[in-house]
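Engineer: for reference, the sequence and a predicted model appear below.
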Amino acid sequence: MKRESGYNVPMRILIVEDEKDLAKNIKRGLTEEGFAVDVALDGEEGKYMIQNEPYDLVILDLMLPKLDGISLCNEIRSNGIKVPILMLTAKSEVGNKIEGLNSGADDYLTKPFDFEELKARIYALLRRGSTNELPILEINDLKLNPSKHEVFRNEIKLELTPKEFSILELLLRNKEKVITRTQILEHVWDYNFESMSNLVDVLIGTLRKKVDMKKQEKLIRTVYGVGFKISQENEKS
């Protein structure tokens, strides 16, 4: 599945790791940070997903079935894909690290590792790949700072969950445009989702209560039968 042209979305990470429990735990932690996270359990699946999704970062295990991490990393770079790659492996020898970095990886982390270190390395790679500081997103008196992960309405700081923050960021990056439920599910959650889920409606409801406070202009609007948008238009939501 590819992103709709013209839509900006929260950062998306791919984990290519054949240890299911480890992949699951990393995904859970990064999802709580507000990322959209996909998982591939072998190198061939990872290769396919990288070719079909514009990921912001790839966490790549060295020892993988079907296609090993070094070969996959070489293929990614030979195809001109410049996504940051964090090599994750149980091998700690200097030679393995050099081989991983020479294949095109941007960083290298040895198992076992502390999740806080993994998170710090991810943010460092994402900052390194960005040439400009992320701009403040705003509409009316609502301001969202992607770098500091903060939201203010009329200078009052709003306490949002990671998912609420991601949905609001998606809406603000595409203000005045309608975002469908499928687009929100696809880009704020992960590669697989339940199409009949009411998660979006539930979270839009809680987000509205925090953003569209009493006696303030309503900004988050429902476009019935289509989806949602954030807008200053004078219309009923």
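Structural biologist: Everything's here; your move.

Engineer: tell me the domain boundaries of the chain?
Structural biologist: The domain map for the chain lists 12-128, 137-230, with the assignment taken from automatic domain parsing.

Engineer: comparing the ones you listed by mean pLDDT, which bottoms out?
Structural biologist: Lowest mean pLDDT of these: domain 137-230, a mean of 82.

Engineer: got the residue ranges for the helices in this structure?
Structural biologist: 20-32, 43-52, 69-78, 94-102, 115-128, 162-173, 181-188, 199-211 (DSSP state H).

Engineer: deepest of the ones you listed, which one?
Structural biologist: Neighbour counts (mean count of other Cβ atoms under 10 Å) averaged over each of these peak at helix 162-173, with a mean of 22. Placement of C-beta: from N, CA and C, glycine included.

Engineer: report all helices and strands that it contacts.
Structural biologist: strand 137-139, strand 142-145, helix 181-188, helix 199-211, strand 227-230 (3 or more Cβ pairs under 8 Å, 6 or more residues apart in numbering; DSSP states H and E).

Engineer: who's in contact with that helix?
Structural biologist: Counting by Cβ atoms under 8 Å, 6 or more residues apart in numbering, helix 162-173 makes contact with 7-10, 31-34, 36, 137-139, 142, 144, 146, 149, 151, 160, 179, 183-184, 187-188, 200, 203-204, 206-207, 210-211, 220, 228-230, all of which sit outside it.

Engineer: likewise stretch 110-119?
Structural biologist: 22, 25-26, 29-30, 33, 59, 86, 88-92, 109.

Engineer: between the helices and strands packed on helix 162-173, which one is nearest to M49?
Structural biologist: Counting by Cβ to Cβ, M49 lies closest to helix 181-188 out of these; the figure is 13.3 Å.

Engineer: pull the CA atoms of stretch 54-69 into CSV?
Structural biologist: What follows is stretch 54-69 as a C-alpha-only set of coordinates in CSV (Å, rounded to 0.1, in the frame of the first residue of the first chain):
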residue,chain,number,x,y,z
PRO,A,54,8.1,5.2,1.7
TYR,A,55,9.5,4.4,5.2
ASP,A,56,11.2,7.1,7.3
LEU,A,57,13.5,4.5,9.0
VAL,A,58,14.3,0.8,8.8
ILE,A,59,15.4,-1.4,11.8
LEU,A,60,17.2,-4.3,10.1
ASP,A,61,18.3,-7.5,11.7
LEU,A,62,21.6,-9.0,10.3
MET,A,63,20.6,-12.7,10.5
LEU,A,64,17.4,-13.2,8.5
PRO,A,65,15.8,-16.1,6.7
LYS,A,66,15.4,-15.9,2.8
LEU,A,67,17.5,-12.8,2.5
ASP,A,68,20.1,-11.8,5.1
GLY,A,69,20.4,-8.2,6.4
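
Engineer: just put the contacts of stretch 110-119 in TSV and tack on distance to A120.
Structural biologist: TSV is the format used below for the contacts of stretch 110-119 (distance: Cβ to Cβ, whole Å):
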residue	distance to A120
L22	18
N25	17
I26	14
G29	12
L30	13
E33	11
I59	13
L86	11
L88	14
T89	18
A90	20
K91	21
S92	19
L109	10
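
Engineer: looking at those residues, which is nearest A124?
Structural biologist: Within the contacts of stretch 110-119, distances to A124 taken as Cβ to Cβ reach their minimum at L86, with 9.6 Å.

Engineer: who's in contact with the closest one?
Structural biologist: Taking Cβ under 8 Å, 6+ apart as the criterion, L86 is in contact with 57-60, 105-109, 118, 121-122, 125.

Engineer: in a markdown table: those residues, plus distance to K82.
Structural biologist: Listed next are the contacts of L86 as a markdown table, based on distance: Cβ to Cβ, whole Å:
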| residue | distance to K82 |
| --- | --- |
| L57 | 11 |
| V58 | 11 |
| I59 | 16 |
| L60 | 14 |
| A105 | 13 |
| D106 | 10 |
| D107 | 15 |
| Y108 | 18 |
| L109 | 20 |
| L118 | 21 |
| R121 | 18 |
| I122 | 16 |
| L125 | 12 |
